[in-house]
Structure formats: C-alpha cells, structure tokens
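Student: I'd like to go over a predicted model; first the sequence, then the structure.
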Amino acid sequence: MTQKIYPCTLCGSYDIEPIDSQIRNVTDNLHKMYRCNSCDTHFLYPQFAEEQLEAYYDGQFREEVHTSKYYDEATLTKVYDRFYPEAQQRVARVEAEIKPSDEILEIGCSVGYFLNAVSNKVKNVFGTEWDNRALSYIDDVLQNSKIKTAHNPQDFEQGFDKIFMFHVLEHIANPVEFLIKLKPLLKDNGCIYIEVPNVDDIMVKTFNNSAFKDFYYKKAHLFNFNEKGLSYVFEKSGYHYQIEFIQRYDISNHFYWLANQKPGGKGAYTHLLSSSLNEEYIQCLKTAKQTDTLFARLTL
C-alpha cells in the first residue's frame with residue numbers, strides 16, 4: 001500500500017518524511033508528525049482548525065497537559081511562582097530596549113508572570129489569552145492596575161511599541177498570516193520579540209534520544225521550528241529579523257535524560273558539574289545552533 005504524501009502545512013512542499021516518534025496527548029492514529037525537507041520544519045498533520053484551537057486552549061489544553069486541578073487558585077499560584085523567575089530573565093534580556101513610555105503587548109500571557117515582571121518598566125501592559133480562567137487569575141489575583149487583558153490583540157484597538165510572544169508561535173495554525181495581521185498594531189520603530197523551542201535541540205538532532213523526542217513532540221505544537229523554518233516565516237510575513245540561540249536548560253538536564261530517559265534533571269548534577277562547565281557547554285550549543293530555544297527580534 002502506497003503511503004499518501006501530504007504537503008507541508010507551512011511551505012506547501014511535498015518533499016516530506018514521517019517522524020517515527022510519539023506525540024504527547026495524541027490518542028488516535030490520524031495525527032502524525034512530519035519533517036519538511038524544504039523548509040526544515042517539523043509539522044503536525046492533519047492540522048487543527050483555528051476555531052478548534054481557540055476552544056481547545058480555553059481549558060482543555062491545560063487539563064490535558066496537566067490535571068483537572070490545574071485551575072485551582074493554589075495550583076495557578078504555583079504555576080505563576082514557577083515561571084516568574086524566568087519572566088524576570090526575559091525582562092532582563094530586553095531591558096535595554098524598552099522605555100518607560102512604552103505600551104507593550106504579550107500574546108499568550110498565561111497567568112501573567114511576564115506582564116507583572118515587566119509592568120514597572122513601561123507605561124502600560126496588555127495581555128491576550130484564550131484561556132478565560134487564566135485571564136480571571138490575572139484580573140482577580142494579581143490585581144495590577146497597569147495590566148489590561150483580552151482574548152485577541154485586535155480587541156484593544158490600539159498600537160503597541162513592543163509585542164512579545166513566548167512559546168506561542170508554534171501553536172498558531174497559520175504563523176505567516178498571523179504575523180502579517182500584527183503589522184498594523186506595531187507602532188513606528190516598534191519591535192516584535194518571539195521565543196520558540198528549537199527543533200535542532202541537541203537532544204533531538206545529535207543525541208537522537210527516543211525518550212526525549214516522544215516527550216518533545218506535542219499535540220499542541222503544530223510546528224517545530226529551527227532557524228531555517230523560522231526564517232521562512234519571517235521572510236514570508238515581510239519582516240526584518242535577527243535570531244539568537246539561547247539555552248533554558250542546563251547540562252545536568254541533558255545528562256539526566258541520557259541516564260534516565262525522563263525529565264526532571266535540571267540542576268541534578270551541580271555537585272559534580274561546575275557552573276563554568278555548564279557555561280562552556282551552552283556556548284558550544286550556541287556555536288552548533290543546537291540550543292533548546294530560539295529568540296527573535298522582528299522589525300518592519
């Protein structure tokens with residue numbers, strides 16, 4: 001039986017190949033992950049329609065990935081506390097580029113850790129999120145008067161000096177069209193900052209760790225970008241761009257995966273592995289372009 005060939009849902013090329021890995025939270029035999037040999041993007045096929053995605057992210061996604069108790073206020077507070085330190089690192093990464101007069105937007109703001117972290121650096125902060133209970137947490141628990149929330153960027157009916165997307169673009173059904181629609185919302189000399197996972201992560205590309213790949217590919221990630229695929233998106237949407245390679249997880253995490261075939265190893269071997277060794281390892285990953293994360297700056 002001849003296997004049916006599907007077009008890449010990003011670039012349309014038929015030069016694709018199936019990826020023999022599991023996809024987290026996929027329980028049917030219909031959805032598969034493929035690699036496009038043209039744009040080098042790994043993509044889910046068939047893709048979910050945008051109207052399905054909005055409903056999916058309003059509760060089902062979090063309960064599926066985590067548990068039904070995810071929306072308890074105490075659990076949401078643990079989520080906020082867990083990610084707030086990384087939000088502070090993200091603020092530090094762009095602090096020299098933001099101004100007190102800036103009005104900034106974060107798309108896919110979750111429970112507001114980045115919004116809260118950056119709010120004292122700028123004039124006003126806006127966040128969009130399809131998850132209504134996450135928005136309620138921001139409004140009812142954080143109670144930061146500088147933060148305004150909505151479902152979609154266009155709901156605010158205004159422009160922004162800076163727009164941020166952290167691990168969001170890979171969830172978008174049509175990333176090129178999505179970025180084009182953001183252009184009217186970007187003020188003169190504005191900038192869009194985008195952070196996504198890097199599918200050229202050393203655990204995937206070089207170590208080819210099966211357990212890691214089964215964990216890495218997710219139902220919610222319609223696209224898995226590397227530098228080439230991300231460049232394709234930015235060029236097709238008409239932006240100038242710079243892409244930086246950053247590493248979120250340490251060398252201990254990789255050793256733990258290789259030893260135990262499961263997550264949970266961040267900082268596990270710091271009693272054996274020095275911080276200077278970790279820094280050297282990260283520099284090697286950057287040189288090889290095999291870090292776990294890509295960070296891009298887009299301008300018109």
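Tutor: Great, that's in hand. Residues are numbered from 1 along each chain as shown.
Student: rest of the way, CA atoms for contacts and neighbours
Tutor: Fine.
Student: Show me the strands in the stretch 51-200 of the chain, by range?
Tutor: Under the criterion DSSP state E, counting those that start in this stretch, strands of the stretch 51-200 of the chain are mapped to 103-107, 124-128, 147-150, 160-166, 186-197.
Student: Mind putting these into CSV with mean neighbour count?
Tutor: CSV is the format used below for the strands of the stretch 51-200 of the chain (neighbours: other CA atoms under 10 Å):
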stretch, mean neighbour count
strand 103-107, 24
strand 124-128, 23
strand 147-150, 18
strand 160-166, 21
strand 186-197, 19
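Student: could you dump those to JSON lines with distance to R297 and mean pLDDT?
Tutor: Putting the strands of the stretch 51-200 of the chain into JSON lines (distance: least, CA to CA, whole Å; pLDDT from 0 to 100) gives the following:
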{"stretch": "strand 103-107", "distance to R297": "14", "mean pLDDT": "98"}
{"stretch": "strand 124-128", "distance to R297": "19", "mean pLDDT": "98"}
{"stretch": "strand 147-150", "distance to R297": "23", "mean pLDDT": "97"}
{"stretch": "strand 160-166", "distance to R297": "10", "mean pLDDT": "98"}
{"stretch": "strand 186-197", "distance to R297": "5", "mean pLDDT": "98"}
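Student: Turn those into JSON lines, including distance to K286.
Tutor: Shown next, in JSON lines, are the strands of the stretch 51-200 of the chain (distance: least, CA to CA, whole Å):
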{"stretch": "strand 103-107", "distance to K286": "26"}
{"stretch": "strand 124-128", "distance to K286": "31"}
{"stretch": "strand 147-150", "distance to K286": "35"}
{"stretch": "strand 160-166", "distance to K286": "19"}
{"stretch": "strand 186-197", "distance to K286": "14"}
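Student: now for the ones you listed, which one comes closest to F225?
Tutor: The stretch from the strands of the stretch 51-200 of the chain with the least distance to F225 (CA to CA) is strand 186-197; that distance is 7.0 Å.
Student: List the strands paired with that closest one, with their directions.
Tutor: Applying DSSP bridges, strand 186-197 is found paired with strand 160-166 (parallel), strand 293-299 (antiparallel).
Student: Now do the first one against strand 103-107, angle only.
Tutor: Which is strand 160-166. 30 degrees (axes from the mean of the first three to the mean of the last three CA atoms, to 10 degrees).
Student: max-length helix in this structure?
Tutor: The residue-count maximum for a helix in the chain (DSSP state H) belongs to helix 73-94.
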